[in-house]
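In: predicted model and sequence below, questions to follow.
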Amino acid sequence: MMLIIDLCWKKDSLSSLEFVNPVKRIVEGEHQPFIIKHFLELNEKDLVAADKIIMCGTALKDNEFRKHLSRFSWLRKHDKPVLGICAGMQIIGLIYGTRMFDCKELGMWKIMTKKENIFFSGVFQAYELHGSAIRTNDNFEVLAKSSRCVQMIKHKNKHIYGVSFHPEIRNETVIKKFLGI
Amino acid sequence: MRLGVLFSGGKDSTLALVKAMEKEDVVCLITLRSKNPESYMFHTPNISIAKLQAEAIGLPLIEKETLGEKEKELVELKEAISEARKKHKIDGVVTGAVESAYQSERVQKICDELGLWCFNPLWKADQEALLRETVSLGFKTMISGVFAYPLDKSWLGRIIDEKTISELVLMRDKHRISPTGEGGEIETTVLDAPFFRKKIEVIDSQIAWDKNSGVFVIKNARIVDR
């Protein structure tokens, strides 16, 4: 069972149509069973039942999730695949001790692959919508960068990935490949 | 949250309005009336009836005229959104963008500069499903512009129903046009919907046709009881 986590500032928000639904459509298209849970309603049972987890992005002004970081401490012990998109990547980084800095990227940006991986290769365009980025640390390897910040990371020992751009917008294969892990 | 909806009077912005009204407090509509029929950002046929539509819906309208020059129209859009913020104290803006990263990026930037939230409730949604949703919600949507072969004059003025959608879907499969007009193939004008307080009645119209494209020009219209 795929668990899709809605990170928007409240349950059933107007933003969830924009950040959760496009991910849901891709998962549905791949015929994978899934459930959607808002992060404030997430419980131990959901995490145990999930064989993979996607944490979706939020609106540019929505950083509410950062006030609830303790709700994501399960990520430290989690050993099943996780993909954090934008806000989801920030949470993964913060839980594993990375620092944040202001880095605004809106719209289509050039992304450069830094390490061979299953998701993409070479230089490509991706849709960005973020005001901050993470400074990676020893827990992660960097898979891709833009000219300004890290764009995709992988935990060195786990299938935990963070992606700064929005793969659900122009790079759906990233999500599809994740579903195939 | 108090929201202003970027409103062209077409099916997408009207559907975005419905979705925003379900979740938050929509306090005004914002329209840019582009003089350029090939505007990069804004739906253009019959945009002049947006004022009547706003009245029929029962929401105040912030309306600005633009020459529709690339990038300059964004300055005008920013002015219109600023005015909405000042007059109606909006916290955010809603758009009917479905696929266009160009459109979305630019509105996101303007909202960011003005410190406003930006919402795109139709973003990346299935286009055929969106079209069917407008019919199931009871929208009376007229095709007011066609801009791609094999859409011809006979489509202008048609009200979108299930039959129309099936025909458009067939055309998508055969000619690769977007059934919702996301690539600019079709423009629409919503004349009535269940949440409207009044409806639009077209009194006088004219079909303007040029080679492979045309517009159903509403020359005169009024609002009447539903």
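Out: Ah, there it is. Numbers count the residues shown, from 1 in each chain, chains lettered A, B, ... in the order given.
In: quick one: low-confidence ranges for chain A?
Out: Across chain A, not a single residue meets the criterion (pLDDT under 70).
In: how are the strands of chain A distributed by residue range?
Out: Here chain A has its strands, by DSSP state E, at A:2-6, A:34-38, A:52-55, A:82-85, A:99-113, A:123-135, A:140-145, A:150-155, A:160-163.
In: and those: which comes nearest residue B:33?
Out: Across these, residue B:33 has its closest neighbour in strand A:99-113 (25.5 Å, C-beta to C-beta). Using the backbone N, CA and C atoms, a C-beta is placed for each residue, glycine as well.
In: what's the closest non-adjacent residue to residue B:65?
Out: Of all residues not flanking residue B:65 in the chain, residue B:33 sits nearest, at 4.8 Å (C-beta to C-beta, 6 or more residues apart in numbering or on different chains).
In: where's the one you found relative to residue B:4, distance?
Out: Residue B:33 sits 16 Å away from residue B:4, going by C-beta to C-beta, to the nearest Å.
In: these two: which is more packed in?
Out: residue B:4 (29 against 19; other C-beta atoms under 10 Å in any protein chain shown).
In: on that earlier part again, okay, the strands of chain A in TSV with mean neighbour count and distance to residue B:10 next?
Out: As requested, the strands of chain A are exported to TSV (neighbours: other C-beta atoms under 10 Å in any protein chain shown; distance: least, C-beta to C-beta, whole Å):
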stretch	mean neighbour count	distance to residue B:10
strand A:2-6	23	29
strand A:34-38	16	30
strand A:52-55	25	33
strand A:82-85	26	30
strand A:99-113	15	23
strand A:123-135	19	24
strand A:140-145	19	37
strand A:150-155	24	35
strand A:160-163	26	33
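In: that's a strand at residue B:63, yeah?
Out: Yes: judged by DSSP: H, G, I helix; E, B strand; the rest coil, residue B:63 forms part of a strand.
In: identify the bridge partners of the residue in chain A that chain B sits nearest to.
Out: Using C-beta to the nearest C-beta, residue A:107 is the residue of chain A that sits closest to chain B, at 3.2 Å. Taking DSSP bridges as the rule, residue A:107 bridges to residue A:128.
In: that one contacts residue B:103, doesn't it?
Out: No: the pair residue A:107 and residue B:103 does not pass the contact test of C-beta atoms under 8 Å, sitting 10.4 Å apart.
In: buried set for stretch A:43-53?
Out: Under the neighbour-count criterion of 16 or more other C-beta atoms under 10 Å in any protein chain shown, stretch A:43-53 has A:47, A:50, A:52-53 buried.
In: wait, what's in contact with residue A:144?
Out: Shown in contact with residue A:144 (C-beta atoms under 8 Å, 6 or more residues apart in numbering or on different chains): A:111-114, A:117, A:120, A:150-152.
In: one more time with 6 Å, if that's ok
Out: A:111, A:113-114, A:151-152 (C-beta atoms under 6 Å, 6 or more residues apart in numbering or on different chains).
In: and these, which is closest to residue A:139?
Out: Out of these, the member with the shortest distance to residue A:139 (by C-beta to C-beta) is residue A:152, at 14.4 Å.
In: which bits of chain B sit near chain A?
Out: For chain B, the residues in contact with chain A (C-beta under 6 Å from any C-beta of the partner chain) are B:23-24, B:101, B:105, B:108-109, B:112, B:117, B:119-121, B:123-124.
In: okay, those residues in CSV with pLDDT, neighbour count and secondary structure next?
Out: Output for the residues of chain B next to chain A, formatted as CSV (pLDDT from 0 to 100; neighbours: other C-beta atoms under 10 Å in any protein chain shown; DSSP: H, G, I helix; E, B strand; the rest coil):
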residue, pLDDT, neighbour count, secondary structure
B:23, 97, 19, helix
B:24, 98, 18, coil
B:101, 86, 17, helix
B:105, 91, 17, helix
B:108, 96, 22, helix
B:109, 96, 17, helix
B:112, 97, 17, helix
B:117, 98, 21, strand
B:119, 98, 28, strand
B:120, 97, 25, coil
B:121, 97, 25, coil
B:123, 95, 23, coil
B:124, 94, 23, coil
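In: the residue of chain A closest to chain B contacts residue B:106, correct?
Out: No: Residue A:107 is not in contact with residue B:106 according to C-beta atoms under 6 Å; the separation is 8.0 Å.
In: related to what we said a few turns ago, which one of the buried residues of stretch A:43-53 is nearest to residue A:30?
Out: The closest of the buried residues of stretch A:43-53 to residue A:30 turns out to be residue A:52 (C-beta to C-beta; 11.3 Å).
In: and for the closest one, nearest residue in space, chain neighbours not counted?
Out: Computed as C-beta to C-beta, 6+ apart, the closest residue to residue A:52 that is not its neighbour in sequence is residue A:81, at 4.6 Å.
In: could you find the closest non-adjacent residue to residue 15?
Out: Using chain A. That would be residue A:8: by C-beta to C-beta, 6+ apart, it lies 4.3 Å from residue A:15.
In: hmm, I had chain B in mind actually
Out: Of all residues not flanking residue B:15 in the chain, residue B:134 sits nearest, at 5.7 Å (C-beta to C-beta, 6+ apart).
In: what's the neighbour count on that neighbour?
Out: Neighbourhood size, residue B:134 [other C-beta under 10 Å]: 23.
In: find the helix or strand that it is a member of.
Out: Per DSSP states H and E: residue B:134 is located in helix B:127-136.
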